[in-house]
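> whatever this is, show me its structure:
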Amino acid sequence: MFEAHEGTLQLKHKYQETYKWLEKLGPSELMTKRGTDFIAKAEITQKGPHTGEKVIRFMQDNKEYARAYECCWGRYYNCNRTRIGMYCVALDAAIV
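Below is the predicted model:
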């Protein structure tokens with residue numbers, strides 16, 4: 001089984017910079033390197049252990065597939081052991 005925050009990624013942008021870019025731009029349609037379409041959204045967590053924290057949500061077909069908190073940024077797996085690396089890499093590359 002994978003551990004929370006397992007694996008590291010080489011990203012150019014810090015979490016706060018990425019969050020602000022998404023917040024300003026709004027929900028963004030992106031694509032992973034393997035061609036999977038997804039939407040990234042900047043929001044504030046409403047419940048759970050991260051209540052009130054900034055979160056980047058990764059959506060496919062109007063469903064949340066994963067989320068990244070600041071502590072998860074730059075990792076392949078998030079707090080919930082969900083793969084987020086491919087989404088983070090695509091989002092990081094989209095920032096101009």
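
> next up, the contacts around the residue nearest the centre of the chain.
For the chain, the residue nearest the mean C-alpha position is residue 68 (4.1 Å; C-alpha atoms, centre = their mean). Contact analysis of residue 68 by C-beta atoms under 8 Å, 6 or more residues apart in numbering lists 15, 55, 56, 58, 78, 84, 87, 88. Bear in mind the C-beta positions are built from the backbone N, C-alpha and C, glycine included.

> excluding sequence neighbours, find me the nearest residue to it.
Once flanking residues are discounted, residue 68 sits nearest to residue 56: 4.6 Å by C-beta to C-beta, 6 or more residues apart in numbering.

> correct me, but that neighbour touches residue 17?
No: using C-beta atoms under 8 Å, residue 56 makes no contact with residue 17, being 11.7 Å away.

> higher neighbour count, those two?
A count of neighbours by other C-beta atoms under 10 Å puts residue 56 above the other of residue 56 and residue 17, at 24 against 12.

> just say helix, strand or coil for that one.
When classified by DSSP: H, G, I helix; E, B strand; the rest coil, residue 56 comes out as strand.

> buried ones in stretch 26-38?
Within stretch 26-38, the residues that count as buried by 16 or more other C-beta atoms under 10 Å are 28, 32, 38.

> assign the residue lying closest to the first one once chain neighbours are set aside to helix, strand or coil.
Nearest-residue entry for residue 28: residue 40, 5.1 Å, with adjacent residues in sequence omitted and distances by C-beta to C-beta, 6+ apart. Three-state secondary structure (criterion: three-state DSSP) places residue 40 in strand.

> and residue 40, how many neighbours does it have?
When counting by other C-beta under 10 Å, one arrives at 22 neighbours for residue 40.

> quick one: residues contacting it.
Applying C-beta under 8 Å, 6+ apart, the residues near residue 40 are 22, 27, 28, 30, 56, 57, 58, 59, 87, 91.

> distance of the residue nearest to the last one when sequence neighbours are not counted relative to residue 20?
Which is residue 91. With sequence-adjacent residues excluded and distances taken as C-beta to C-beta, 6+ apart, residue 91 is closest to residue 40, at 5.1 Å. Distance, residue 40 to residue 20, by C-beta to C-beta, to the nearest Å: 13 Å.
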